[in-house]
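Asks: Build me a structure from this.
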Amino acid sequence: MEESGKEKWTPGPWSVQPNAHDVPCIVQGPNYRVAVAHRQENRPNEATAAANARLIAAAPALYEALRRVNGALRVIREHMDSTGKELSPVFDLADADTLLDVTKAALLLANTGETENG
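Replies: Numbering: from 1, shown residues only. A predicted model of the protein is given here:
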């Protein structure tokens, strides 16, 4: 999970393309369409569809940022373990453990589509 470049999704960057053929938002990868965020009757409006498309388009960058944060947190946690010292009065072992769990769960979901609970 720590290694980058082994993901099976379309590599980034992804971008949101202008409206075309009554489709509010197309998420475009480097070579082809990744997703389409659109509005249907009784579903999100065009502003919500556009926001969904932007979030989808940000997925590769968000994944990479999360992967790096997870790695940094592991280093911090190891330092805290080896020195027996808290990093600061406002960031303790419980905080590090919680953030590690959250980032690990999000990376697992992105990599496998599953949660730790199955």
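
Asks: Show me the strands in this structure, by range?
Replies: Chain-ordered strands for the chain, with DSSP state E as the definition, fall at 15-17, 25-28, 33-37.

Asks: Quick one: list the elements packing against the longest one.
Replies: If I follow you right, that is strand 33-37. With contacts defined as 3 or more C-beta pairs under 8 Å, 6 or more residues apart in numbering; DSSP states H and E, the packing partners of strand 33-37 are strand 25-28, helix 46-57. For the C-beta atoms, the positions are set from N, CA and C on the backbone; glycine is no exception.

Asks: What pairs with it, parallel or antiparallel?
Replies: Its sheet considered, strand 33-37 pairs with strand 25-28 (antiparallel) by DSSP bridges.

Asks: Extract the CA atoms of the strand it pairs with and return them as PDB.
Replies: Taking C-alpha atoms only, strand 25-28 is exported to PDB below (Å, rounded to 0.1, in the frame of the first residue of the first chain):
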ATOM      1  CA  CYS A  25     -19.000  17.300 -16.400                       C
ATOM      2  CA  ILE A  26     -16.500  14.900 -17.900                       C
ATOM      3  CA  VAL A  27     -13.500  13.800 -15.900                       C
ATOM      4  CA  GLN A  28     -10.700  13.300 -18.400                       C
END
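
Asks: Brilliant, that's me finished.
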